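Peer 1: Sequence first, predicted model second:
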Amino acid sequence: MVIPGELIIEGKYKLGEGVFREQGKIYSSVMGFVDEKKGYIRVIPLTGKYMPKVEDFVIGKITDVQFSHWEVDIDSAYSAILNASDYFRDIDIFQTALAKILAPGDLIFAVVREISPTKKVYITMADRGARILKGGRLLKVGPTKVPRVIGKNSSMISMIKKETKCDILVGQNGRIWLNGEAERINLAVKVIELVEREAHTAGLTERVKDMLVREVKV
Amino acid sequence: MKVGEPEKFIVKGKRLDGRKLDELREIKIEAGVLKRADGSAYVEWGGNKVMAACYGPREVHPRHLARSDKAILRCTYNMAPFSVNDRKRPGPDRRSREISKVTREALEPVVFTNLFPRTAIDVFIEVLQANAGTRCTGIAAASVALADAGIPMRDLVPACAAGKVGGEIVLDMFDVEDNFGEADLPVAIIPRKKEITLLQMDGNFTQEEFEKALKLAVEGCMKVYELQKEALRRKYGGA
Amino acid sequence: MFEVVAEVKKDYIASLLEKGKRADDRGFDDYRPIVVEKGVSNRAEGSSLVKIGKTQVLVGVKLAIGEPFPDMPNSGVLTTNAELIPLASPSFEKGPPDEDTIEIARVVDRGIRESQCIDLDKLCLIPGEKVWIIFVDIHVLDYDGNLFDASALGAITALLDSYMPKVEEDKIIYGEKTSEKLPIVHKPVETTFAKINKSTVLDPSLDEELVMDARLTVATDENGIICAMQKGGSGTFTQEEILDIIKRGASKGNELRKFLE
């Protein structure tokens, strides 16, 4: 694990996130793990707010309604904008008040469409995976743990969904929405919290499987 | 002599609390201690107990304070009313506001604010128990809290004070030494190049004494730096 | 206070400095023209107007009688305040002191206090009960860079200019001065250096101050003793730069003290 200001390496590498160059040497700017791939050096941060990337699925909460767009909180340094034109069906904004479609407090599963140079984040629901989330329960994990919660080829999250028979949507911003039977949701939450706590340990998949099998039977 | 001033500060190379001239008080640093803050740290330094928290980057309110090209760093140093012998009235007084300012100026040089335009990074330092050197404790804690929050930085920022007591240059004074001492020099540095980001001084030094005190303070900072790194590794290194 | 400056200006100033020149043709260790006037506000027990270049600061000293601090029952009390009043700059706003204002007041205060400038023990009237309170109020009239040095010079000048007012039956008769002056034993002054990229210059002009990376103020007394220092700004200094600035500051301080004669 590296910490801010720690020397990683010297040499001609391309810089990814979490690193900076000073007089030919490459240092870490955050707490995290060094990852080197194809000449790119980056540090995967252990902590930190979600930084939106185009094509990420995120779970957002409507915070404000304007004439032609909604303002959406995605638990990031920046809030997002959902234009009426990015809703999954056509809206005539002169005929329909947007607040009647989505009101402050509503949850949506949407995709990051564009990030402007001034870091304005635009999300869209014009995607097959996008949904309005009604009911269910919302859980938050550290955004850096999301890959582990999803697992390689979605193996981890699929296993959890299968065993708990819950509908689970994972946002890259660390928000997770679960729907299903109340007790099953509780189990899913316990399991996901276990994954978050032990994300960097070995044998996690086995422990998760064991927990699911054990607790579902009860 | 002031009321309550001890007769001697240094006897046979040992100070009133038993330390050597260049010895730091005992310091404990813990990272990631608060749930709601994006980053946090708790430091016990001698008789000081300081909690630091970081929120951000987050949107700026009021909006007109936002900078279009970078994040603004805001620091608030505050002392709890019960943290000192004579209860301190709640709310920022002039000393707290000055310390807030120099704290911000001590941390700003390392934060990559350009990565987060139009946001604010808010740092809160709360002194829960005071015994001289709270601003250095606060800066050291804030630095760990920023790292805990994942804020990209060039380095951590340790801080430490040196001073003159009983005519001798000493490191890290405690309250009796601070109250009756002849000079106080709190310093914060960027360890990699030993660049100085905080420097204040009051009292009296000749130029030679100042140079000696500055060197000593910087050495103290480097020791604090090791403790800051260790605190972060202890919290997350097992991960 | 907050002023916006174009990056273009910083490049211009910095490149001049690299060639050893300042935008106003001064040497790196030259003050702008300094003018010091005394006794400019006649209700004050002491006052001064200091101009450094176009920066103008008026400092007034008022004396009152009050209670001593509990931990110093036999000493007079010194308190320093500053106001960056709106007429002094388009960027100064009405209202309570902001952090810059507080910083100036406290740094000037420390220069006076830590140098033991005033023999406060001589200002005790009834031990533990009544002492003289000295109010030093810094009133900035025109901000064109380097408020620290102008305010500090103004403060010591005003203190030196002060006469004790007449006291009759525990009441101060303002307006009737005695011939007694404040017991001043040291003459602290402050010298401020700005760092721009790798150059350090004395007495930053407004432009230099707006583009500077960091600032270091050094207060020295007539014996070259350093009694206060303050680094400001979000840049850094190396140890060598600091030691170099102290040397230059102590020597320039003597030049400033000539205005006190």
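Peer 2: Thanks, I have the structure now.

Peer 1: Are there helices or strands packed against whichever helix in chain B runs longest, and which ones?
Peer 2: Longest helix in chain B by number of residues (criterion: DSSP state H): helix B:207-236. Packing contacts for helix B:207-236, counted by 3 or more C-beta pairs under 8 Å, 6 or more residues apart in numbering or on different chains; DSSP states H and E, involve strand B:27-31, helix B:134-148, strand B:159-165, strand B:168-171, strand B:183-190, strand B:195-205, helix C:239-257. The C-beta positions use only the backbone N, C-alpha and C, and glycine is treated the same way.

Peer 1: Which of the ones you listed has the highest mean neighbour count?
Peer 2: Mean neighbours per residue, mean count of other C-beta atoms under 10 Å in any protein chain shown, is largest over the helices and strands packed on helix B:207-236 for helix B:134-148, with a mean of 29.

Peer 1: Quick check: which ranges of chain A have low pLDDT?
Peer 2: Applying pLDDT under 70 to chain A picks out residues A:217-218.

Peer 1: Okay, domains of it per the record?
Peer 2: Using automatic domain parsing, the domain ranges for chain A come out as A:7-45, A:57-133, A:137-217.

Peer 1: quick one: is the first one near chain C?
Peer 2: No - using C-beta under 8 Å from any C-beta of the partner chain, we find that domain A:7-45 stays clear of chain C, coming within 13.7 Å at best.

Peer 1: Go through that domain and flag the buried ones.
Peer 2: Of the residues in domain A:7-45, A:8, A:13, A:17-20, A:26-34, A:41-43, A:45 count as buried by neighbour count, 16 or more other C-beta atoms under 10 Å in any protein chain shown.

Peer 1: and chain A, which residues reach chain B?
Peer 2: Counting by C-beta under 8 Å from any C-beta, the residues of chain A lying close to chain B are A:1, A:3-5, A:18, A:20, A:22, A:27, A:29-31, A:45-49, A:77-79, A:118-119, A:199-200.

Peer 1: Residue B:216 is in contact with residue C:239, correct?
Peer 2: No - in this structure, residue C:239 is not within contact of residue B:216 by C-beta atoms under 8 Å, at 11.7 Å.

Peer 1: Need the residues touching each of the two.
Peer 2: With contacts defined as C-beta atoms under 8 Å, 6 or more residues apart in numbering or on different chains, no residue is shared by residue C:239 and residue B:216.

Peer 1: Shouldn't residue A:70 be within a strand?
Peer 2: Yes - assessed with DSSP: H, G, I helix; E, B strand; the rest coil, residue A:70 lies in a strand.

Peer 1: Helix or strand: which one has the closest residue to it other than its chain neighbours?
Peer 2: Excluding the flanking residues, the one nearest residue A:70 by C-beta to C-beta, 6 or more residues apart in numbering or on different chains is residue A:82, at 4.6 Å. Per DSSP states H and E, residue A:82 falls inside strand A:80-83.

Peer 1: possible to save the domains of chain A as CSV with distance to residue C:154?
Peer 2: As requested, these are exported to CSV (distance: least, C-beta to C-beta, whole Å):
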stretch, distance to residue C:154
domain A:7-45, 43
domain A:57-133, 45
domain A:137-217, 54
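
Peer 1: which stretch among the helices and strands packed on helix B:207-236 comes nearest residue C:54?
Peer 2: Taking C-beta to C-beta, helix C:239-257 is the member of those nearest to residue C:54, at 17.7 Å.

Peer 1: For the closest one, list the C-alpha coordinates in CSV.
Peer 2: Taking Å, rounded to 0.1, in the frame of the first residue of the first chain, the C-alpha atoms of helix C:239-257 are listed here in CSV:
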residue,chain,number,x,y,z
GLN,C,239,15.1,27.0,5.1
GLU,C,240,17.8,28.8,3.2
GLU,C,241,15.3,31.4,1.9
ILE,C,242,14.1,32.0,5.4
LEU,C,243,17.6,32.5,6.9
ASP,C,244,18.4,34.8,4.0
ILE,C,245,15.3,36.9,4.5
ILE,C,246,16.0,37.3,8.2
LYS,C,247,19.5,38.7,7.5
ARG,C,248,18.1,41.1,4.9
GLY,C,249,15.1,42.0,7.1
ALA,C,250,17.2,42.8,10.2
SER,C,251,19.4,45.1,8.1
LYS,C,252,16.4,46.9,6.4
GLY,C,253,14.8,47.2,9.8
ASN,C,254,17.5,49.6,10.8
GLU,C,255,16.6,51.8,7.8
LEU,C,256,13.0,51.9,8.9
ARG,C,257,14.0,52.8,12.4
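
Peer 1: Tell me the helices and strands packed up against it.
Peer 2: strand B:195-205, helix B:207-236, strand C:189-196, strand C:199-202, strand C:214-220, strand C:226-232.

Peer 1: Could you tell me the angle between it and strand C:214-220?
Peer 2: 50 degrees (axes from the mean of the first three to the mean of the last three C-alpha atoms, to 10 degrees).

Peer 1: Run through who's touching helix C:239-257.
Peer 2: Here helix C:239-257 has contacts from B:194, B:196, B:199, B:207, B:210-211, B:214-215, B:218, C:29, C:31, C:34, C:149, C:153, C:187, C:189-191, C:193, C:195, C:200, C:202, C:216, C:218, C:220, C:222, C:224, C:226, C:229, C:237, using C-beta under 8 Å, 6+ apart.

Peer 1: quick one: the helices in chain A?
Peer 2: Counting by DSSP H, one finds helices in chain A at the ranges A:146-150, A:155-164, A:182-197, A:204-217.

Peer 1: So which bits of the shortest one are buried?
Peer 2: It stands for helix A:146-150. Using 16+ other C-beta under 10 Å as the test for burial, helix A:146-150 gives A:146, A:148, A:149, A:150.

Peer 1: Kindly report the same for stretch A:131-149.
Peer 2: A:131, A:133, A:136, A:139, A:141, A:142, A:143, A:144, A:145, A:146, A:148, A:149.

Peer 1: The third one is in contact with residue A:182, isn't it?
Peer 2: Put plainly, it is residue A:136. No - applying C-beta under 8 Å, one finds residue A:136 not in contact with residue A:182, separated by 10.4 Å.

Peer 1: And the helices of chain A: which comes nearest residue C:57?
Peer 2: Evaluated over the helices of chain A, closeness to residue C:57 peaks at helix A:146-150, with 57.3 Å, by C-beta to C-beta.

Peer 1: hmm, back to that, any idea which of the buried residues of stretch A:131-149 is closest to chain B?
Peer 2: Chain B lies nearest to residue A:144 out of the buried residues of stretch A:131-149, by C-beta to the nearest C-beta, at 8.0 Å.
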